[in-house]
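Colleague: sequence and predicted model, in that order:
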Amino acid sequence: MGKNQITKLLGVAKAVYFYQSKRPSKDEELKDKILSVLASNPSYGHRRIAIALSMGKKRVRRVMKLYGIKPYKRKGRWRKRRDERRPEALFTNQIKGSFPIVPNVTWVSDFTYLRFNSRFIYLATFMDLYTREIVGWNLSTRHTKDLVINAFFDAFENK
C-alpha cells in the first residue's frame, strides 16, 4: 500500500503525511534557556521558569516534559517530631500484637464526645477484644474519671 493510497483511505492531504514540525529547533533553544534558569535557581518549577523567561507556562512545561527536565527536589518528607520529644510512657501496651482466643479476657476502652444542642455529651465504652462486642458504656455531660469508671462497672456487671 503506497503513501498516496494511505492518505486517500484516511481522507487527508498528502502534506499532512509528509509534514515535519519546525519546533525541534525552537524547542532546543527553549531547553537551553530553561537549563540556564535552572542553573541559577535549581528549585524553580515550570511556572516560575515561565515567568523568568516571559513566556507561557504550558509551552515551558511541554518542553520540560519532552526533554525530561525536572527541578531539584529535596529528599525525604518533612515530618512532625512531636513523638520524639515525648517522654516514654510509664505503662507499656501489654496487649499489642496479641490475639485473644477466649471471650471476656481482654477488654479495650475508648471515649468520644458527641455534639448535642451546642453542648457536648461524652461517651465511654469498653469492648471485648475477642468478640468485638461493646460490654459496657456510660454517658455523661462532664469529662471526668467517673465517666470511665462507671463504664467499667457497667462492663463488669454485664460480664
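Modeller: That came in fine, so what should we check first?
Colleague: point out where the chain drops to low pLDDT.
Modeller: For the chain, applying pLDDT under 70 flags no range at all.
Colleague: got the residue ranges for the strands in it?
Modeller: Ranges of strands in the chain, per DSSP state E, are 107-116, 119-128, 133-140.
Colleague: got the CA positions of the shortest one in PDB?
Modeller: Yep, that's strand 133-140 we're talking about. Output of strand 133-140 as PDB, limited to C-alpha atoms (Å, rounded to 0.1, in the frame of the first residue of the first chain):
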ATOM      1  CA  GLU A 133     -18.800  -6.500  71.300                       C
ATOM      2  CA  ILE A 134     -19.400  -3.500  73.500                       C
ATOM      3  CA  VAL A 135     -19.700  -4.900  77.000                       C
ATOM      4  CA  GLY A 136     -20.100  -1.700  78.900                       C
ATOM      5  CA  TRP A 137     -20.700   2.000  78.300                       C
ATOM      6  CA  ASN A 138     -21.500   5.200  80.100                       C
ATOM      7  CA  LEU A 139     -22.800   8.700  79.100                       C
ATOM      8  CA  SER A 140     -22.000  11.900  80.900                       C
END
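Colleague: returning to that earlier point: is it possible to get CSV of the strands of the chain that adds distance to residue 90?
Modeller: (Glycine included, C-beta is placed from N, CA and C.) Listed next are the strands of the chain as CSV, based on distance: least, CB to CB, whole Å:
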stretch, distance to residue 90
strand 107-116, 17
strand 119-128, 21
strand 133-140, 25
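Colleague: export those strands to JSON lines and append columns for mean neighbour count and distance to residue 69.
Modeller: Shown next, in JSON lines, are those (neighbours: other CB atoms under 10 Å; distance: least, CB to CB, whole Å):
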{"stretch": "strand 107-116", "mean neighbour count": "12", "distance to residue 69": "50"}
{"stretch": "strand 119-128", "mean neighbour count": "18", "distance to residue 69": "54"}
{"stretch": "strand 133-140", "mean neighbour count": "16", "distance to residue 69": "58"}
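Colleague: of those, which is nearest residue 71?
Modeller: Nearest to residue 71, of all the strands of the chain, is strand 107-116, at 44.4 Å by CB to CB.
Colleague: contact partners of the closest one?
Modeller: 95, 120-129, 135, 143, 147-148, 151-152, 155 (CB atoms under 8 Å, 6 or more residues apart in numbering).
Colleague: now the angle between strand 119-128 and it, please.
Modeller: Counting by axes from the mean of the first three to the mean of the last three CA atoms, to 10 degrees, strand 107-116 lies at 160 degrees to strand 119-128.
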